[in-house]
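>>> Need the 3D shape of this:
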Amino acid sequence: MVRTSVLVLCVVLIGMLGCRQEAKPVAPKQPEISAGEVGWRLPTFSAKDLNGRTINSADLRGKVVLVDFWATWCEPCKREMPGYQRLLDQYGSRGFVVIGFKANMMADTEPPLRFAREVGVHYRLIVADDGLMHKFGGIEGLPTTMIFDRSGILREKVIGFEYTNVIESQIKPLI
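Take a look at the predicted model:
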């Protein structure tokens, strides 16, 4: 009986000591940002452009990057891409880069390099396979434009056509 009482008393004291400890503050958990959502980071990738030169995400560190998903059959893409070339011509010396990822969801209406020449584009163009498109969160529509800041954080995402002056107003504060 005495043994049982001592045992119960020890358990109670240990329990009380545990209650006296101060609770450690728990940092609020930051919500996870999904691939392709504003605030998300530029994914790691490596790919060959249409001229056979390799480009990878490490090449883009410290630069403002405009990623444009396009296709040869996409009329809004055809209207939008020359504006991106003009922005590159104007801001490229200040650390601005444009990369065009050609979506492969439908057959091309013409060879991609000829298409690029016709629309006056000479920035880096890459055929985006399903894996690469998935790394960028998938594509809901064309064109899709993503603007990353110098830290590689997605600051703007536009699905569908947008005027060059609007895109310029979004990149200027980042440059």
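>>> use CA for all of it now, contacts and neighbours both
Fine.
>>> who's in contact with P143?
68-71, 74, 76-77, 159-161 (Cα atoms under 8 Å, 6 or more residues apart in numbering).
>>> Repeat the analysis, applying 7 Å as the threshold.
Contact analysis of P143 by Cα atoms under 7 Å, 6 or more residues apart in numbering lists 68-70, 76-77, 159-161.
>>> Now list the buried members of those.
68-70, 77, 161 (16 or more other Cα atoms under 10 Å).
>>> picking up where we left off before, okay, and which of the contacts of P143 map to strands?
68-70, 159 (DSSP state E).
>>> Output those as TSV; include the columns distance to I167 and pLDDT.
Shown next, in TSV, are the ones in strands among the contacts of P143 (distance: Cα to Cα, whole Å; pLDDT from 0 to 100):
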residue	distance to I167	pLDDT
D68	12	98
F69	15	97
W70	16	97
I159	12	97
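>>> need those in TSV with distance to D108, can you?
Formatted as TSV, those follow (distance: Cα to Cα, whole Å):
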residue	distance to D108
D68	17
F69	14
W70	11
I159	20
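>>> which residues touch stretch 50-68?
The contact list for stretch 50-68 (Cα under 7 Å, 6+ apart) reads 44-48, 95-101, 125-126, 143-152, 174-175.
>>> ranges for the strands of the protein?
So, for the chain - with DSSP E - the strands run 46-48, 54-56, 64-70, 96-103, 124-128, 144-148, 154-159.
>>> Deepest-packed of those strands, please.
Most buried of the strands of the chain, by mean neighbour count (mean count of other Cα atoms under 10 Å): strand 64-70, with a mean of 25.
>>> what pairs with it, and is each one parallel or antiparallel?
strand 96-103 (parallel), strand 144-148 (antiparallel) (DSSP bridges).
>>> With adjacent residues omitted, what lies nearest to I33?
W40 (5.7 Å; Cα to Cα, 6 or more residues apart in numbering).
>>> residues in contact with the one you found?
By Cα under 7 Å, 6+ apart, the contact list for W40 reads 33-34, 153-154.
>>> Look up phi and psi at it.
Main-chain dihedrals, W40, degrees, to the nearest 10: phi -80, psi 160.
>>> Pick out the residue closest to the middle of this protein.
What sits nearest the mean C-alpha location of the chain, by Cα atoms, centre = their mean, is L42, with 4.0 Å.
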